[in-house]
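Colleague: Below are the sequence and a predicted model; questions follow.
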Amino acid sequence: MIVRSAILNVMMNAARKAARGLVRDFGEVENLQVSLKGPSDFVSSADLKTEKVLRQELQKARPGFGFLMEEGGEVGGDDKSHRWIIDPIDGTTNFLHGIPHFAISVGLERDGEIIAGIIYEPVHDEMFHAEKGAGAYLNERRLRVSARRKMDEAIFATGIPFKGRPGHAQFLGDVAAVMANCAGIRRFGSAALDLAYVAAGRYEGYWEEGIRPWDIAAGIVMVREAGGYVTDLDGKSDMLAKGEVVAANDHLQRPLLALLRGARDALAAKDARA
Ligand code: IPD
Ligand code: CA
């Protein structure tokens, strides 16, 4: 039995409580798929309800902390050092389509640094949790990033921009560079779970651009505590501000970063010639 800090228990209990309604709603979405109205409105209300439960529970336990929430935005607290960063459903498109791959993500920031995070995938009851200096876990099991050292044996996850999002040409360049060197690329549709899976060693790395703080806050501490590296595209730690993330095990994060930077330089050179 592992001993967890009080704050992690607060975060995990809040997520489990919020997940009860979410799982019920997911069952309902599967029925709504075939209805004429479609499930979209229903999903946004599931998002709001989940966020409300998380906020209530976290506020009850730590009344002064601020919030940054996907739905509710920024809400300041009396305690200026601490802020919860919340995504009530990461993987909303999967949820909407009845695909059981989505998660609740809660990160805790102290003075600009993420110090704890939970990512809860309720369909398979996978609770990923991590606290700075105390390791990363999946339920009761300690996590460690994968040990693969060779690019051509590695698989990577990413996020694909879609209609209305910028960065299509850049993304195609990134994929061309990475796919030519690795064993496979995946697009699962939840950034939070992508980072949790890197921490769990299920794949070697993950990168994405145009991402929001609530997608990645909890995942950053998860990967780091599992022995992996997470940076922005410049190899620095401005992931939340820049909305970009490159995460991988300790052997492959730099090589992945180098491929992505090469793709960027190639696109910039092409644009300069045009
Ligand atoms: C999205 C997911 C997806 C990523 C998108 C995010 P949402 O979050 O994390 O994997 O590619 O960039 O916006 O909309 O499902 O909360
Ligand atoms: Ca999200």
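Modeller: Right, received. Where do you want to start? Ligands and ions are numbered 1, 2, ... in the order given.
Colleague: surely residue 10 meets residue 61?
Modeller: Yes - assessed by CB atoms under 8 Å, residue 10 is found in contact with residue 61 at 4.3 Å. Quick note: C-beta positions are derived from backbone N, CA and C, even for glycine.
Colleague: Comparing those two, which residue is more hemmed in?
Modeller: Set side by side, residue 10 and residue 61 show more neighbours around residue 10, with 20 against 15, by other CB atoms under 10 Å.
Colleague: tell me which parts of the chain are close to ligand 2?
Modeller: Selection of the chain residues close to ligand 2 by CB under 5 Å from the ion yields 87, 90, 215.
Colleague: Ranking by neighbours, what's the top pick from those?
Modeller: Neighbour counts for the residues of the chain next to ligand 2, by other CB under 10 Å, peak at residue 87, which reaches 32 neighbours.
Colleague: Adding secondary structure as columns, could you present the residues of the chain next to ligand 2 in CSV?
Modeller: Below are the residues of the chain next to ligand 2 laid out as CSV (DSSP: H, G, I helix; E, B strand; the rest coil):
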residue, secondary structure
87, strand
90, strand
215, helix
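Colleague: now those residues as TSV including pLDDT and distance to ligand 1?
Modeller: Listed next are those as TSV, based on pLDDT from 0 to 100; distance: CB to the nearest ligand atom, whole Å:
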residue	pLDDT	distance to ligand 1
87	97	5
90	97	4
215	98	5
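Colleague: pLDDT below threshold where in this structure?
Modeller: Applying pLDDT under 70 to the chain flags the ranges 33-41.
Colleague: what does it have sitting close to ligand 1?
Modeller: Contact residues, the chain versus ligand 1 (CB under 6 Å from any ligand atom): 87, 90, 91, 92, 93, 159, 189, 190, 191, 208, 211, 215.
Colleague: Wait, the third one touches residue 194, no?
Modeller: No - in this structure, residue 91 sits apart from residue 194 without contact. The criterion is CB under 8 Å, and the distance is 9.7 Å.
Colleague: ok and the residue in this protein nearest ligand 1?
Modeller: With CB to the nearest ligand atom as the measure, residue 159 is the residue of the chain nearest to ligand 1, at 2.6 Å.
Colleague: wait, what's in contact with that residue?
Modeller: By CB atoms under 8 Å, 6 or more residues apart in numbering, the contact set of residue 159 is 187, 189, 191, 194, 208, 210, 211.
Colleague: same check, this time on residue 66
Modeller: So residue 66 contacts 74, 75, 76, 77, 79, 80, 82, 83, 84 (CB under 8 Å, 6+ apart).
Colleague: Let's see that with 7 Å instead.
Modeller: 75, 76, 77, 82, 83 (CB atoms under 7 Å, 6 or more residues apart in numbering).
Colleague: Give me the three-state assignment for it.
Modeller: Looking at residue 66 with three-state DSSP, the answer is strand.
Colleague: so what's it bridging to?
Modeller: On the basis of DSSP bridges, residue 66 is bridged to residue 83.
Colleague: Give me the distance between it and residue 210.
Modeller: Using CB to CB, to the nearest Å, residue 66 is found at 25 Å from residue 210.
Colleague: All good on my end, thank you.
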